[in-house]
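Novice: With the sequence up front, the predicted model follows.
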Amino acid sequence: MMDLMAAMLAAVSSLEYGLSVLARSSSPPTGAALRTVTTALDLGATWDVAWDIALPSNTGAIAPLGQALRFAGTTGAPSAAVVTAYAAQFRRRRNRQAEKRAAALGVRLVVPLGLCSLPAFVCLGVIPILVGLFPTFG
């Protein structure tokens, strides 16, 4: 969403128009929250008030977008480069979090793997050797 908004800002689109395009092309809960923001801005609410109204219903999806657009919304300056940089930073942060979760998953998988393979090793490797070492009575 941030990259799309940055492209619209680079094409000299207004912030309100960009938000309405994002609202139409988003999922229903996200679109409703973005429509709330655009409606509040059209009615004269400040940037912070408009986003505070919309965020309780949909905090996770549009909060980073609101932070990225804050400079453009409060100053009126064209900030496509700022939004693009924020989107890149957001992607890097999410990639690092995914890498950390993947590393933690590898550590967590060692215990079940050990619990499954150790009994198999004992049953198929150690016990036959021990049975073979017992003298045969005959």
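Specialist: Looks like it arrived, so ask away.

Novice: wait, what's in contact with residue 2?
Specialist: With contact set as C-beta atoms under 8 Å, 6 or more residues apart in numbering, residue 2 has these partners: 64, 65, 68, 83, 84, 86, 87, 90. For glycine as for every other residue, the C-beta is placed from the backbone atoms N, C-alpha and C.

Novice: If any of those are buried, put those into a PyMOL selection.
Specialist: To isolate in PyMOL the members of the contacts of residue 2 that are buried, counting by 16 or more other C-beta atoms under 10 Å, one can use:
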select buried, resi 64+65+68+83+84+86+87+90
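
Novice: Which of the contacts of residue 2 sits closest to residue 52?
Specialist: residue 65 (14.2 Å; C-beta to C-beta).

Novice: how far away is the closest one from residue 108?
Specialist: Separation of residue 65 from residue 108 (C-beta to C-beta, to the nearest Å) stands at 33 Å.

Novice: low pLDDT regions in the chain?
Specialist: For the chain, applying pLDDT under 70 flags the ranges 57-61, 78, 136-138.

Novice: make it 50
Specialist: Within the chain, no stretch has pLDDT under 50.

Novice: In it, what residue spans correspond to strands?
Specialist: Under the criterion DSSP state E, the chain carries no strands.

Novice: Who are the packing partners of whichever helix in it runs longest?
Specialist: As assigned by DSSP state H, the longest helix anywhere in the chain is helix 80-121. On a contact count with 3 or more C-beta pairs under 8 Å, 6 or more residues apart in numbering; DSSP states H and E, helix 80-121 meets helix 2-10, helix 59-75.
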